[in-house]
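# here you go, sequence then predicted model.
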Amino acid sequence: MLSPHEIATLMLVRHSPDQIDMNRTELDTLLERRLLTLEPRTEGRLRLSLTKTGRQLLEAVGGLDPALPRARDAIGFGRCIASV
């Protein structure tokens, strides 16, 4: 079972992966459970991202609406939210 902090960390990674503190203690558990992955980026930096299982978990707890487009991929994202 995940703690509320671990679920909140998943939500933070989903919405602001570049702003996550990589020293958060929850990251170890989430990486071990394969809910997050580290993706190599330019200049040797790593970026956190949700795995398929991590996205499914957020959908199950209601932290992610699968019907809505991903915020960073959507043009006019605000219009999508407003129409729901």
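Structure's in. What do you need? Numbering: from 1, shown residues only.

# next, the buried residues of stretch 31-44.
Of all the residues in stretch 31-44, those buried under the rule 16 or more other Cβ atoms under 10 Å are 35-37. All C-beta atoms are positioned from the backbone trio N, CA, C, and that covers glycine.

# pick out the residue closest to the middle of this structure.
In the chain, the C-alpha nearest the mean C-alpha coordinate belongs to residue 14, at 2.1 Å (Cα atoms, centre = their mean).

# pretty sure it contacts residue 48?
No: in this structure, residue 14 is not within contact of residue 48 by Cβ atoms under 8 Å, at 9.6 Å.

# which helix runs longest in the chain?
For the chain, the helix with the greatest residue count under DSSP state H is helix 4-15.

# so how far is it from its chain's centroid?
Offset of helix 4-15 from its chain centre (Cα atoms, centre = their mean, to the nearest Å): 6 Å.

# buried residues in it?
Neighbour counts using 16+ other Cβ under 10 Å place 6-7, 9-10, 12-14 of helix 4-15 among the buried residues.

# quick check: mean pLDDT of that helix?
Computed over helix 4-15, the mean pLDDT rounds to 91.

# contacting residues around it?
Here helix 4-15 makes contact (Cβ atoms under 8 Å, 6 or more residues apart in numbering) with 2, 19-20, 24, 26-27, 29-30, 35-36, 48-50, 54-55, 57-58, 61, 63-64, 71.

# if we use 10 Å, what do you get?
Helix 4-15 has contacts (Cβ atoms under 10 Å, 6 or more residues apart in numbering) with 2-3, 19-21, 24-27, 29-30, 33, 35-37, 47-50, 54-55, 57-58, 61, 63-64, 70-72.

# residue ranges in the protein under the pLDDT threshold?
Filtered on pLDDT under 70, the chain yields the residue ranges 63-84.

# swap in 90 and give it another go.
The model of the chain has pLDDT under 90 over residues 1-2, 15-22, 24, 39-46, 58-84.

# where do the helices sit along it?
Along the chain, counting by DSSP H, helices occupy 4-15, 26-32, 52-61, 77-83.
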